[in-house]
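Undergrad: turn this into a structure:
(one chain, ligands or ions: 1)
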Amino acid sequence: MALAVRMRVPCRALLCAGAQLRGAALGRPEWAAGGGDGARRFASLRVLVEPGAEGRVAVMKLKNPPVNSLSLDFLTEFLISLEKLENDKAFRGVVITSDCPNVFSAGLDLREMYGRNPGHYAEYWKAVQELWLRLYLSNLVLVAAINGSCPAGGCLMALTSDVRILSDSPKSVIGLNETLLGIVAPFWFKDTLVNTIGHRASERALQLGLLFPPAEALQVGLVDHVVPEDQVQSMALSVMAHWLAIPDHARQLTKAMMRKATADRLIKQREADIQNFVSFISRDSIQKSLQIYLEKLKQKKG
Ligand SMILES: CCCCCCCC/C=C\C=C\CC(=O)SCCNC(=O)CCNC(=O)[C@H](O)C(C)(C)COP(=O)(O)OP(=O)(O)OC[C@H]1O[C@@H](n2cnc3c(N)ncnc32)[C@H](O)[C@@H]1OP(=O)(O)O
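TA: Numbering: from 1, shown residues only. Have a look, this model is predicted:
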């Protein structure tokens, strides 16, 4: 318990307060309770939280169409939902999945990193850091039910889970593809990957910006199971049951023991990391790369 308190992430309350203010400023309700068990089922515009069959497990559905990009509004809503679940002792595990067809998450929202001002970049990056810290250090069992494409920041999000289930579909590619955009994965993205698949495989994957198809993702250890698309959710719940059979306190302390040093590296230099990001992303050459990449995405359609 003492460890759990020590590990609380600084500034979370401030970030969440900011999100609520932003929601209020936009003139929309932040939360809508629904269903017979309204206290446990809640939704924001972009995150739907439903209790699983047994009540101990919640299913968080990302619904920021078309591609679940991690916009600032999405991140703040997600963090508030996660905090609600962390604070509700009834929940011991969360399945994270997508409500958008064929895409788990397209990663960071490129529009938050292109053509904005330094203050915006700093606010955005702080929210991205917060997402990673809150997920990576979560006391809950997290299972990522990856039902579609999962590049870059989407992959990072999945990597924070305790288990990853990937749908066996040609669209379901996963990896940290930052170099393909002409940008560099931050050290804590890299650390999370190294902790999952090891140093050599990470070096290759990061430099080449590899997006692994399901069989290769399984082989390299990026995901734990590959199943047909219609079995992703049921597999996630079945794996969850296995993990919930372990006493929480022992599992949580073990998870902290494995992950705390990695998280501490960022916690100790959060502000410097934000400044690095702001100066990196503001460079003309990086802005140009992002512009070209965004144009390519648009042209893909035409
Ligand atoms: C020196 C050291 C310093 C360190 C500094 C650190 C710097 C690190 C900086 C940044 C790190 C970033 C990590 C990221 O996450 S960057 C995002 C990477 N994401 C991608 O590359 C994915 C791009 N998207 C796709 O490949 C596809 O969209 C896909 C997810 C496969 C879905 O394909 P499909 O269903 O065919 O959908 P469309 O491509 O047609 O897209 C629909 C619309 O959505 C827009 N879109 C897509 N992805 C994004 C995104 N990430 N952000 C914002 N918008 C996105 C796309 O343009 C379409 O828009 P529109 O309908 O208007 O044309």
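
Undergrad: wait, what's in contact with the nearest residue to Leu135 once chain neighbours are set aside?
TA: Leaving aside its sequence neighbours, Leu135 sits nearest to Thr160 (CB to CB, 6 or more residues apart in numbering; 3.7 Å). To be clear about C-beta, it is placed using only N, CA and C from the backbone, and glycine gets the same treatment. Residues in contact with Thr160 (CB atoms under 8 Å, 6 or more residues apart in numbering) are Trp132, Leu135, Tyr136, Ser138, Leu142, Thr192.

Undergrad: in helices only, show me those.
TA: Trp132, Leu135, Tyr136, Thr192 (DSSP state H).

Undergrad: and for the last one, the neighbour number?
TA: Taking other CB atoms under 10 Å as the criterion, the count of residues near Thr192 is 25.

Undergrad: also the first one?
TA: Neighbours of Trp132 under the rule other CB under 10 Å: 21.

Undergrad: ok now do it, which residues does it touch?
TA: Counting by CB under 8 Å, 6+ apart, Trp132 touches Leu156, Met157, Thr160, Trp188, Thr192, Leu266.

Undergrad: the last one belongs to a helix?
TA: Spelled out, that is Leu266. Yes - remark: Leu266 belongs to a helix, assigned using DSSP: H, G, I helix; E, B strand; the rest coil.

Undergrad: which residues touch it?
TA: Applying CB under 8 Å, 6+ apart, we find Leu266 in contact with Gln129, Trp132, Leu133, Phe187, Trp188, Asp273.

Undergrad: ignoring the adjacent residues along the chain, who's closest to the spatially most central residue of the chain?
TA: In the chain, the centroid-proximal residue (CA atoms, centre = their mean) is Met157; its distance is 2.5 Å. Among residues not flanking Met157 along the chain, Ser105 sits closest, at 6.1 Å (CB to CB, 6+ apart).

Undergrad: so the one you found sits right up against Val67, yeah?
TA: Yes - using CB atoms under 8 Å, Ser105 is in contact with Val67, at 7.4 Å.
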